[in-house]
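# Here's a sequence, model it:
(one chain, ligands or ions: 2)
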Amino acid sequence: MLRYLTAGESHGKAVTAVIEGLPANLEIEPEDINRELARRQGGYGRGGRMELENDTVDILSGIRANQTLGSPVTFQIKNKDWINWQEIMSPAGDGGYEKEKVVIEKDEKVKEVTPKVTKPRPGHADLAGSLKYDQGDIRNILERASARETAARVAVGAVAKKLLKEFGIKVISHVVQLGPIEAEKQGLSFLEIENQVDNSPVRTLDEQAEEEMIEEIKQAKKAGDSLGGVFEVVTTPLPVGLGSHVQWDRKLDGRLAQALMSIQAIKGVEVGLGFAAADKPGSKVHDEIYYQDGRFQHQSNNAGGIEGGMTNGESLRLKAAMKPIPTLYKPLESVDLETKEEFKASVERSDVTAVPAAGVVGEAVVAIELAKAWLEKFGGDSMAEIKRNYKNYIHSLKER
Ligand SMILES: Cc1cc2nc3c(=O)[nH]c(=O)nc-3n(C[C@H](O)[C@H](O)[C@H](O)COP(=O)(O)O)c2cc1C
Ligand SMILES: C=C(O[C@@H]1CC(C(=O)O)=C[C@@H](OP(=O)(O)O)[C@H]1O)C(=O)O
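Ligands and ions are numbered 1, 2, ... in the order given. Down below sits the predicted model:
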């Protein structure tokens, strides 16, 4: 069974991940991971933190001479911002509480920050987390709730992508909506997306819409506001039969939805047509079946590549909706945890939007879930064993 955990606080020393259950002899070079980490840091609308960080992976275990050993793989991605937060975030010491104020550099300006955070931001984990974990300092919650954690998931996703690529499977994303601006170009093939998307500052394929999206982000920034949006994750065609109809927790659509919903700020997931299927008659929704080139195929892909919780031989198509970033320069009303007094939150630094970055995280979590399902179906302890199992299965489908 492939499984992983991440650890690490946003301004702690590093974020880390441990992956267990990888087969031996999968080729991994640090560059495979660093490329994905750099993609996650990009996208128009991100804040000052991304200018400071330059995420690169440090592989601590499980890989030797660019090959997995079958033992647990451990990654570390250092937080460059740690240097500015050591006094506050150190595992030892007084957490900076002894000093009334510390001066740290943020966004090229020098600002004073009290070490203890007592003002919960609407839309973040601050209030619920502080009450649940009995914390007087919201920092003890926000540090782990932060989407900094997604750097670790993207590193794990890069390994999952490498595994899938050994079988010709690729996973990509693009932004289909940013705030109110919707891209007209939708439903494009994997190749059309793959060839263009990384050259775009918003990772969208629609040049006209992209200009409007950038303008929208600039306006939101000026107004001290933030934006959400929608990204789509698309794969090359998958072999039929990943996941299963027989038990609720084995259904691949449910598993993928959970993986995507677990990304910070994702509030909705659609498989294929998704919500748009609800108001159409069955004749306009269900993908008709034909047989060609020794393979059962569908005339359309409204199902998004999954029927009965299993891949049906087509490309996977999933959409995820991201809410606007909760930290706003424009103050929102809230109540101080200590004094219970109303205040209007003010902010030092934040992303205005992070939909293109969330898309890269979406690719990662989808790749991880697919790699898990792949190993369940074709599993083995070495790449050679998995390849044999895969080849046999594909052969048996053709023999039917
Ligand atoms: C890539 C990415 C970057 C994010 N950047 C910020 C940010 O700069 N400021 C912020 O308040 N929230 C940011 N978020 C969203 C929060 O982490 C998220 O809203 C918060 O953890 C609460 O979780 P929930 O929205 O899932 O309920 C970001 C999310 C992602 C995926
Ligand atoms: C650090 C990352 O994203 C962060 C996610 C985040 C949040 O609240 O989720 C808040 C911001 O952090 P900071 O308060 O340090 O500016 C983002 O920069 C990252 O993506 O690597």
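# State which helix of the protein is the longest.
Looking across the chain with DSSP state H, the single longest helix is helix 355-378.
# can you tell if that helix touches ligand 1?
Yes: against ligand 1, helix 355-378 shows contacts by C-beta under 6 Å from any ligand atom at 357-358, 361. C-betas here are computed from N, CA, C, even on glycine.
# Send over that helix as CSV, restricted to the C-alpha atoms.
This file holds the C-alpha atoms of helix 355-378, laid out as CSV (Å, rounded to 0.1, in the frame of the first residue of the first chain):
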residue,chain,number,x,y,z
VAL,A,355,-5.4,29.3,-8.3
PRO,A,356,-2.5,28.4,-10.7
ALA,A,357,-0.5,27.1,-7.8
ALA,A,358,-3.4,25.1,-6.5
GLY,A,359,-3.7,23.5,-9.9
VAL,A,360,-0.2,22.2,-9.6
VAL,A,361,-1.0,20.9,-6.1
GLY,A,362,-4.2,19.3,-7.7
GLU,A,363,-2.0,17.5,-10.2
ALA,A,364,0.1,16.2,-7.4
VAL,A,365,-2.7,14.8,-5.2
VAL,A,366,-4.4,13.3,-8.3
ALA,A,367,-1.1,11.7,-9.3
ILE,A,368,-0.7,10.3,-5.8
GLU,A,369,-4.2,8.8,-5.8
LEU,A,370,-3.7,7.3,-9.2
ALA,A,371,-0.3,5.9,-8.3
LYS,A,372,-2.0,4.3,-5.2
ALA,A,373,-4.7,2.8,-7.4
TRP,A,374,-2.1,1.7,-9.9
LEU,A,375,-0.1,-0.2,-7.2
GLU,A,376,-3.3,-1.8,-5.9
LYS,A,377,-4.1,-3.2,-9.3
PHE,A,378,-0.6,-4.0,-10.7
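# which secondary structure elements does that helix contact?
helix 30-41, helix 150-165, strand 171-178, strand 229-235, helix 252-261, strand 317-322, helix 383-399 (3 or more C-beta pairs under 8 Å, 6 or more residues apart in numbering; DSSP states H and E).
# near ligand 2, which residues of this structure?
With C-beta under 6 Å from any ligand atom as the criterion, the chain meets ligand 2 at residues 10, 47, 49, 53, 146-148, 151, 264, 349-351.
# sorry, back to before: show me what counts as buried in the longest helix of the chain.
By 16 or more other C-beta atoms under 10 Å, the buried positions in helix 355-378 come out as 355-375, 377-378.
# low-scoring pLDDT stretches of the stretch 1-150 of the chain, where are they?
Scanning the stretch 1-150 of the chain for pLDDT under 70 picks out 99-114.
# and with 90 instead?
87, 93-94, 96-116 (pLDDT under 90).
# count of neighbours near the residue in it positioned nearest to ligand 1?
Ligand 1 sits closest to residue 147 of the stretch 1-150 of the chain, with a gap of 3.3 Å, by C-beta to the nearest ligand atom. Using other C-beta atoms under 10 Å, residue 147 has 18 other residues around it.
# can I assume it is in contact with residue 355?
No: using C-beta atoms under 8 Å as the test, residue 147 is too far from residue 355 to be in contact (11.9 Å).
# picking that back up, could you dump the residues of helix 355-378 next to ligand 1 to CSV with pLDDT?
Listed next are the residues of helix 355-378 next to ligand 1 as CSV, based on pLDDT from 0 to 100:
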residue, pLDDT
357, 98
358, 98
361, 98
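# and which of those is nearest to ligand 2?
Nearest to ligand 2 among the residues of helix 355-378 next to ligand 1, with distances taken as C-beta to the nearest ligand atom, is residue 357, at 6.4 Å.
# ranges for the helices of the protein?
Residue ranges of the helices in the chain, as given by DSSP H, are 30-41, 49-52, 82-89, 126-132, 139-145, 150-165, 190-196, 207-222, 252-261, 355-378, 383-399.
# helices or strands next to the fifth one in the packing?
It stands for helix 139-145. helix 126-132.
# buried ones in the helix it packs on?
Neighbour counts over helix 126-132 (16+ other C-beta under 10 Å) mark 126-127, 129-130 as buried.
# Distance across stretch 190-205, terminal residue to terminal residue?
Criterion C-alpha to C-alpha, to the nearest Å; first-to-last residue distance in stretch 190-205 is 12 Å.
# thinking in terms of the whole chain, how far from its middle is that stretch?
17 Å (C-alpha atoms, centre = their mean, to the nearest Å).
# isn't residue 4 right up against residue 62?
No: at 11.5 Å, residue 4 does not count as touching residue 62 under the criterion of C-beta under 8 Å.
# number of nearby residues for residue 86?
As a burial measure, residue 86 scores 13 neighbours (other C-beta under 10 Å).
# for the longest helix of the chain, the distance to its chain's centre please.
Using C-alpha atoms, centre = their mean, the offset of helix 355-378 from its chain centre is 9 Å.
# now swap in stretch 129-145 and tell me
Here the centre of stretch 129-145 is set off from its chain's centre by 23 Å, with C-alpha atoms, centre = their mean.
# what about residue 366, distance to residue 141?
According to C-beta to C-beta, to the nearest Å, residue 366 stands 28 Å off from residue 141.
# related to what we said a few turns ago, what touches both of residue 4 and residue 62?
Counting by C-beta atoms under 8 Å, 6 or more residues apart in numbering, the contacts common to residue 4 and residue 62 are residue 19.
# any idea how far residue 159 is from the closest residue to residue 57 other than its chain neighbours?
Excluding the flanking residues, the one nearest residue 57 by C-beta to C-beta, 6 or more residues apart in numbering is residue 33, at 4.4 Å. Taking C-beta to C-beta as the measure, residue 33 falls 7 Å from residue 159.
# Please say which of those two ends up with more neighbours.
Using other C-beta under 10 Å as the criterion, residue 33 and residue 159 rank with residue 159 on top: 28 against 25.
# That one: what's it in contact with?
19, 22, 26, 28, 32-33, 73, 371.
# Who wins on neighbours among these?
residue 22 leads the contacts of residue 159 on contacts (other C-beta under 10 Å) with 27 neighbours.
# That one contacts residue 3, doesn't it?
No: using C-beta under 8 Å, residue 22 is not in contact with residue 3; the gap is 10.1 Å.
# For the stretch 1-150 of the chain, what lies in contact range of ligand 1?
Residues of the stretch 1-150 of the chain that fall close to ligand 1, judged by C-beta under 6 Å from any ligand atom: 47, 124-125, 145-147, 150.
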